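Engineer: 3D, please:
(2 chains)
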Amino acid sequence: MVNIKINDKHITVKEGTTILEAALQNKIDIPHLCYDKRLVPYGSCRLCIVEVEGQAKLLAACSTPVTPGMSVRTETPKLLKARKTVLELLLVHHPLDCPVCDKAGECKLQDLAFKYGPAESRFKAKRKHEPADTGSPLVERDSNRCVLCGKCVRVCGELQGVGAINIIGRGFESKISPAFDEKLNCEFCGQCIDACPVGALGRRHFRHSARAWFLEPRDNVCPYCSVGCTVTYDLREGKIMRARGVEGKGINNGNLCSKGRFGFDYIYSEKRLASPLIKKNGEFRRVSWEEALKHIAGRIQAIKHAHGADSIGAIGSPRCTVEDNFMLQKFMKSVNSSNNIDSSARFGYAKIQEAVQMSFGLNRLPINHESPLGKDVILVVESDIASTHPVWGLNFLKAKKEGSNLVVADTRETKLTRHSSRWLRVKPGTGVALLNCIIKIALDEGLYDKAKTQKIEGFSFLSETVNDYPPSAVSRITGISEDILVKTAREFLTAKSRLITLTIGASENTKGLDTALAAANLVILTGENPSSLQMPAEFCNTFGLWEAGVKPELGGKNAVSMLYKPGAVKALFVMGENPVITFPDSKTVEEALRSLDFLVVQDIMMTHTAKLANVVLPASCWSEKEGTFINAGGIPQQVNHIVNSFGNSLADWQILKNLSKVMGAEIAIDDIKKLREEFKNNKSVEQPAKLTFNPVTYTAVGEYDTEFPLKMITGNLMQHSGALSCMSKGLGSVIADAFIQVNPADAQRYKIRDNGFVELSSIKGSVMMKAQVSDEVPEGTVFAPVHFSHARINHLTSLSETGSPPICAVKIKAAN
Amino acid sequence: MNLNVDETIGHIKEAISVSEKNRGVLIYTLQRVQQEMNYLPDHAMKMISEKLGIPLSDVYSTASFYKQFYFTPRGKKIVKVCTGTACHVRGASKVMEKLESEFDIKEGKTTPDLSMTLETVGCIGCCGLAPVATVNEYIVGEIDSAKIEEIIEAIKAE
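Structural biologist: You can find the predicted model right below:
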């Protein structure tokens, strides 16, 4: 620790702290424009200059580390004069168009000019008259207002790992722009907008829509992925106008991705449902809540009477709050006496849970946001963390920058592979073989924790199983050369600290239960804690959904038995889910739903599933209701009620509570507090860890054959995560259309043009969409994002009832 | 210049990551490409960006900082007319005018047939020979109407 004095105030700070950080930590303000806590000090704005006793020159506080006994002054006549001059120099260029600038009122340059005095500059020079870039999606750039602090450039390159913009040119001519003055073509995370101290970068949809001083900031949890970022929403007259990340708030500490920053507008979609609907003769009719609930109660009771309680089922939602999901399972279990309840997590997170239970004996394994930092080796298995969990992904880039060996095994070229230390371009779905090979090398070379692991159940079976996975064999399976396999394995096994990460999302098809088990085997073998295996939940409340008990217990039917066998249930409640689009092999699901006697869908919009329903109930969405999301780290976070509910919509838990009462059940829940209390009492207790090896074998899936020669990978895009993001106009302005990525060689072989329509078929059916010719996928593989409901990618996919990944074999041809 | 950074820096190569090495050779790569192609076409910068793993905006930012890099094709003959004090006094502007009207281009531009690029320089340090111009590597001093015709003919012969 170092003792210093700032303005005669004695303060103690950590060694290596800069003067500016020391001052800010102690609530002493030093003006600055180019400093950002997340970035390396840059020292371009020269406003943070301070006087240090014994130093003749003025020093930039942002880039001068403290030394013992240092005495600093932050406001002296000399400094005031110097800062005033710096501001005058900035104002030479600055257009002073504050009356029409969205930044006015929260502009740092405006505030500084107000504080230090100059309204104009003594210096005369030409102003810039560059046309503003208003043609890029989401982000607007007006380089005339730019003060060239370079914060956006550094946020984009250093923090976000993109580098879409930079300072182009030199001297008076320099400006911030993408290469060749093109339009922005980036992730559209918008981090640069929040970083900009002036009005040079702005939100396109916010332009000229509200003055900063009329905005009312309200914090809420982001409704997208399971990282659970805290977002500050600025409201005007009860409407969310924009979203910001604020430094120091939440797990994200000011960082947001494009979904979090621009995706909130789905709540204002014109597709929202405003009142309950009952289908009569194939037509939906608006009805009152009373009529709808009475109708449902009558039908459910009749079906229960005729076919028994086991004929009723329910599907919960990882997008709904813990309260909503808890109420749904309570409604099923205590009102309907049925254990038939499940969710889309069946195709994703349930596999993670199963692996955690089987391998570690734990009932939950939350991730740690900071886990990648400081690890010697990080192995990412066929997962695009930077797209599925973008803000967590930043920590992977940071770890790499700080010296971690980031090994990414992935078929597709992704942001993470571009930032990796080593990219293993494995064939799709071969993660199990790769992991088994590392285990084999560990056993052969004695590079494992012998004392800890040899007594663990399954050890001898494991060593037998992996005998089939020597580097020579695995090299043929994965397409990675033997020496690289051996080298990677040795690096991983001899590292001081290591981490394995993989996601299993409902839409991802290159990983299965077996992949998670193989990864767990490796973690146990190296003697690491279970937390060295980080498998995050998928959506904002996937973790909470599981905790709330939306899973089939005590012999209840799961999503597979309910939705893939017509007649398995007679009546179904679907809350906030769209199985017709999001579940694999969706044609079968649709048939099952059509064959139901009674289908109730409660959702925020008229989904494809809702169209099949007998009764559709309008639900309030996130921000329109109170509740809790539990993030992938197992941290419960309050969802705040910040805007009015749309139309006559109600929170899902309220709908179910009302319905229970109409059905005459005694549920003793009047408000959300009671509901939360009951949830707390019902929570399963932490189990002690019990390690077991579960050896798994690699099964070739979707093997090449003559009719369907291509392997199709499905997954996520950075700007989309499903139905919500597709309702957002903002995100839709970046990507709104479905596409299939095809390697140039395959494109040539099948005579496919970039952007041309293609017909894609699998054994299950065929769909049409546009092709995107790109070498992000290797020859023989195609990639399809599954978010876009009109493309119906899930018409092609199949269910994997074993632990192997449900990779899909397809063929492609140009459509005429 | 030796591009084989590994050999040049011997033991400390371990300490320098691949990305840092790639950044180190960026300007040299740009120079070499320009030498080959006589300017920096967009597609060449895109390729440099991909191969070195440096974002395209970084490559373009670096190139655009230096006056030595050109983003449009240059002529086979590069004529630089000195406009320093001595040359100015001895009629550099007339030399420029003549060349500009003869080839119908402005300062800093290249003729459409890529035969010549016309530029000005501050001073090339041989004021005794004013007015002076350089044509590629050659210096033409004491330019008069005869010599300027020679220059024009040499360019037209290209």
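
Engineer: Might you enumerate the residues of chain A proximal to chain B?
Structural biologist: A:157, A:162-170, A:177-180, A:418 (CB under 8 Å from any CB of the partner chain). Glycine gets a C-beta too; all of them are placed from N, C-alpha and C.

Engineer: go again using 10 Å as the cut-off
Structural biologist: Residues of chain A lying close to chain B (CB under 10 Å from any CB of the partner chain) are A:153, A:156-157, A:161-171, A:173-182, A:185-186, A:400-401, A:403, A:418-419, A:421.

Engineer: Dead centre of chain B: give me the residue that sits there.
Structural biologist: B:Q68 (5.2 Å; CA atoms, centre = their mean).

Engineer: shouldn't it be in contact with B:Q31?
Structural biologist: Yes. When contacts are counted by CB atoms under 10 Å, B:Q68 is listed as touching B:Q31 (7.5 Å).

Engineer: how many neighbours does whichever residue of chain B sits closest to chain A have?
Structural biologist: Of all residues in chain B, B:P55 sits closest to chain A, at 2.7 Å by CB to the nearest CB. By other CB atoms under 10 Å in any protein chain shown, the residues close to B:P55 number 21.

Engineer: contacting residues around it?
Structural biologist: Neighbouring residues of B:P55 by CB atoms under 10 Å, 6 or more residues apart in numbering or on different chains: A:156-157, A:161-166, A:178-179, A:186, B:49, B:61.

Engineer: can I get those in a markdown table with neighbour count and secondary structure?
Structural biologist: Below are the contacts of B:P55 laid out as a markdown table (neighbours: other CB atoms under 10 Å in any protein chain shown; DSSP: H, G, I helix; E, B strand; the rest coil):
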| residue | neighbour count | secondary structure |
| --- | --- | --- |
| A:C156 | 24 | helix |
| A:G157 | 20 | helix |
| A:G161 | 21 | coil |
| A:V162 | 21 | coil |
| A:G163 | 22 | coil |
| A:A164 | 24 | coil |
| A:I165 | 27 | coil |
| A:N166 | 26 | strand |
| A:P178 | 22 | coil |
| A:A179 | 24 | helix |
| A:C186 | 24 | coil |
| B:S49 | 19 | helix |
| B:S61 | 23 | helix |
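
Engineer: Out of these, which is nearest to A:A518?
Structural biologist: The closest of the contacts of B:P55 to A:A518 turns out to be A:G161 (CB to CB; 28.7 Å).

Engineer: Just the pLDDT for that closest one.
Structural biologist: A:G161 carries a pLDDT value of 93.

Engineer: That one against A:L406, yeah?
Structural biologist: No. In this structure A:G161 lies outside contact range of A:L406 using CB under 10 Å: 11.4 Å.

Engineer: Which neighbours do those two have in common?
Structural biologist: By CB under 10 Å, 6+ apart, A:G161 and A:L406 have these common neighbours: A:396-397, A:400, A:416, A:419.

Engineer: And A:A306, how far from A:I669?
Structural biologist: Counting by CB to CB, to the nearest Å, the separation of A:A306 from A:I669 is 29 Å.

Engineer: A:G544 belongs to a helix?
Structural biologist: Yes. The assignment for A:G544 is a helix, going by DSSP: H, G, I helix; E, B strand; the rest coil.

Engineer: Just give the nearest non-adjacent residue to it, would you?
Structural biologist: A:I630 (3.5 Å; CB to CB, 6 or more residues apart in numbering or on different chains).

Engineer: neighbours around the one you found, how many?
Structural biologist: Neighbourhood size, A:I630 [other CB under 10 Å]: 25.

Engineer: Chain A contacts on chain B?
Structural biologist: B:17-19, B:42, B:45-46, B:49, B:53-67, B:71.

Engineer: do that again at 7 Å, thanks
Structural biologist: B:42, B:55-58, B:60-61, B:64-65 (CB under 7 Å from any CB of the partner chain).

Engineer: Mind checking which of A:A306 and A:I669 has more residues around it?
Structural biologist: Higher neighbour count among A:A306 and A:I669: A:I669, with 22 against 10, using other CB under 10 Å.

Engineer: Give the residue spans of the chain that score low on pLDDT.
Structural biologist: Went with chain A since none was named. A:701-705, A:816 (pLDDT under 70).

Engineer: Chain B is the one I meant
Structural biologist: Within chain B, the set of residues satisfying pLDDT under 70 comprises B:1-17.

Engineer: wait, A:V742 sits on A:I752?
Structural biologist: Yes. Counting by CB atoms under 7 Å, A:V742 does reach A:I752; the two are 5.9 Å apart.

Engineer: any chance you could map the helices in chain B?
Structural biologist: B:5-9, B:18-24, B:26-37, B:42-52, B:56-65, B:85-89, B:92-103, B:145-156 (DSSP state H).

Engineer: three-state assignment of A:V574?
Structural biologist: strand.

Engineer: no no, A:V601
Structural biologist: Relying on three-state DSSP, one would call A:V601 strand.

Engineer: what about it, how many neighbours?
Structural biologist: Residues near A:V601, counting by other CB under 10 Å, number 28.

Engineer: State whether it and A:V574 are indeed in contact, as I suppose.
Structural biologist: Yes. Counting by CB under 7 Å, A:V601 touches A:V574, with 4.6 Å between them.

Engineer: What does A:M768 show for phi and psi?
Structural biologist: phi -120, psi 140 (degrees, to the nearest 10).

Engineer: ok, now which ones touch the closest residue to B:T29 other than its chain neighbours?
Structural biologist: Closest residue to B:T29 apart from its sequence neighbours, by CB to CB, 6+ apart: B:I48 at 5.7 Å. B:I48 makes contact with B:29, B:33, B:59, according to CB atoms under 7 Å, 6 or more residues apart in numbering or on different chains.

Engineer: Just the closest of the residues you listed to A:K557, please.
Structural biologist: The closest of those to A:K557 turns out to be B:V59 (CB to CB; 57.6 Å).

Engineer: and that closest one, how many residues sit next to it?
Structural biologist: There are 25 residues near B:V59, going by other CB under 10 Å.
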